[in-house]
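S.K.: need a structure here:
(4 chains)
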2 protein chains.
Amino acid sequence: MALDAKGRLAMPARYRERLLESCAGRLIVTVEFDPCLLVYPLPEWEKIEEKLVALPSMNKQARTLQRRMIGHATECEIDSQGRIRLPGILQEQAGLDKKVVMIGQGKKFEIWDESVWQDNQTAWLDDIKNDDELHSSLESLSL
Amino acid sequence: MALDAKGRLAMPARYRERLLESCAGRLIVTVEFDPCLLVYPLPEWEKIEEKLVALPSMNKQARTLQRRMIGHATECEIDSQGRIRLPGILQEQAGLDKKVVMIGQGKKFEIWDESVWQDNQTAWLDDIKNDDELHSSLESLSL
DNA sequence: TGATATGTGGGGAATAGTGGGTGAAAGTGG
DNA sequence: CCACTTTCACCCACTATTCCCCACATATCA
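M.R.: Next up is the predicted model:
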């Protein structure tokens, strides 16, 4: 999956139909703390934005989150070829080079630079292997 | 049991009928932490996804699990020959070569690369022999 | 051993992904 | 307010991938 020279990225065809009906192809792209882009269908984003706005303004972490997420939020419409164009500033934020990885996460998508994604994968797995104890929320999980 | 050059894998015939009625041949394939693929009938997967989505987003271990499992989840329909096609990225994640092992695990299946499977078999048994105590969840088990 | 079911392989049409040209629109400076 | 430059959306063309179908090999059972 590749960004072309114009910063365009093809949405996987299997999601397109669903996206067209859930948000008429109107997507909001933004960043959070991790070096990846978050892509929300517009109606989903509106809920997120409400939650963000409701956070306590005097709390530093909350303020940072608001500034990053709301500040970078950009609408990107799906074009007639099924692609979205990612503004340069967002590409920078997520450190996107040519090769990217797009992963669905429930209501949203994440877009990672391929090498960043792979590095993180191994790092996360190592973390988990080295932690002797699993977080309580995972202990009883049966998959 | 072998993957062909196009990444297709025949589902054992004895499961097909059951799968067709339980999920109309709609399967979700994904990965967890081990180097193997997990195959769920669609309705089963939906329950799993709910559990995953409900995990705390800010917890690192939970986030890793979500990203891996939900992120890699791909629908693979059983074709008219009773096969499923495994996307390249999933083959990589599980280190699948040509020869694979498919094992039923209650509601789901696991797909292992044959050599990886054999290596792990012996490794796991050694681990258990060397542990002095059994985990509490196994203590009271009667088989 | 023949008949049926299962596993494997591959051709070719249809679909999806990628790259680039061109005109319209927006931004910039005088 | 106009001329110039840059950016962007739309369209077309090419390539890669995926899906559908048919054919054959192998295993299973009567």
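S.K.: near chain B, which residues of chain A?
M.R.: Within chain A, the positions near chain B by CB under 8 Å from any CB of the partner chain are A:14, A:103-106, A:110, A:121, A:124-125, A:127-128, A:131, A:134-135, A:137-138, A:141, A:143. For the C-beta atoms, the positions are set from N, CA and C on the backbone; glycine is no exception.
S.K.: narrow these to those that are buried.
M.R.: If you count burial by 16 or more other CB atoms under 10 Å in any protein chain shown, the buried members of these come out as A:103, A:104, A:105, A:110, A:121, A:124, A:128, A:135, A:138, A:143.
S.K.: let's see which of the residues of chain A next to chain B end up in helices.
M.R.: Per DSSP state H, helices hold the following members of those: A:14, A:121, A:124, A:125, A:127, A:128, A:137, A:138.
S.K.: among the residues you listed, which ones lie close to DNA strand D?
M.R.: On the criterion CB under 7 Å from any atom of the strand, none of the entries of those sits beside DNA strand D.
S.K.: may I see the residues you listed arranged in JSON lines, with pLDDT and distance to residue A:81 as well?
M.R.: Below are these laid out as JSON lines (pLDDT from 0 to 100; distance: CB to CB, whole Å):
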{"residue": "A:14", "pLDDT": "92", "distance to residue A:81": "16"}
{"residue": "A:121", "pLDDT": "90", "distance to residue A:81": "30"}
{"residue": "A:124", "pLDDT": "89", "distance to residue A:81": "34"}
{"residue": "A:125", "pLDDT": "87", "distance to residue A:81": "36"}
{"residue": "A:127", "pLDDT": "85", "distance to residue A:81": "39"}
{"residue": "A:128", "pLDDT": "83", "distance to residue A:81": "39"}
{"residue": "A:137", "pLDDT": "79", "distance to residue A:81": "41"}
{"residue": "A:138", "pLDDT": "80", "distance to residue A:81": "41"}
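S.K.: could you single out the nearest of those residues to DNA strand D?
M.R.: Using CB to the nearest atom of the strand, residue A:14 is the member of these that lies nearest DNA strand D, at 7.7 Å.
S.K.: give me the nearest residue to that closest one, chain neighbours excluded.
M.R.: residue B:75 (7.6 Å; CB to CB, 6 or more residues apart in numbering or on different chains).
S.K.: pretty sure that neighbour is in a helix, no?
M.R.: No. Counting by DSSP: H, G, I helix; E, B strand; the rest coil, residue B:75 is not found in a helix; it is strand.
S.K.: list the contacts of it.
M.R.: Counting by CB atoms under 8 Å, 6 or more residues apart in numbering or on different chains, residue B:75 touches A:14, B:26, B:27, B:28, B:29, B:42.
S.K.: for the first one, give its distance to residue A:42.
M.R.: In this case it means residue A:14. 20 Å (CB to CB, to the nearest Å).
S.K.: how distant is the helix or strand containing residue A:64 from the center of its chain?
M.R.: Per DSSP states H and E, residue A:64 falls inside helix A:60-72. Distance, stretch centre to chain centre, for helix A:60-72: 15 Å (CA atoms, centre = their mean, to the nearest Å).
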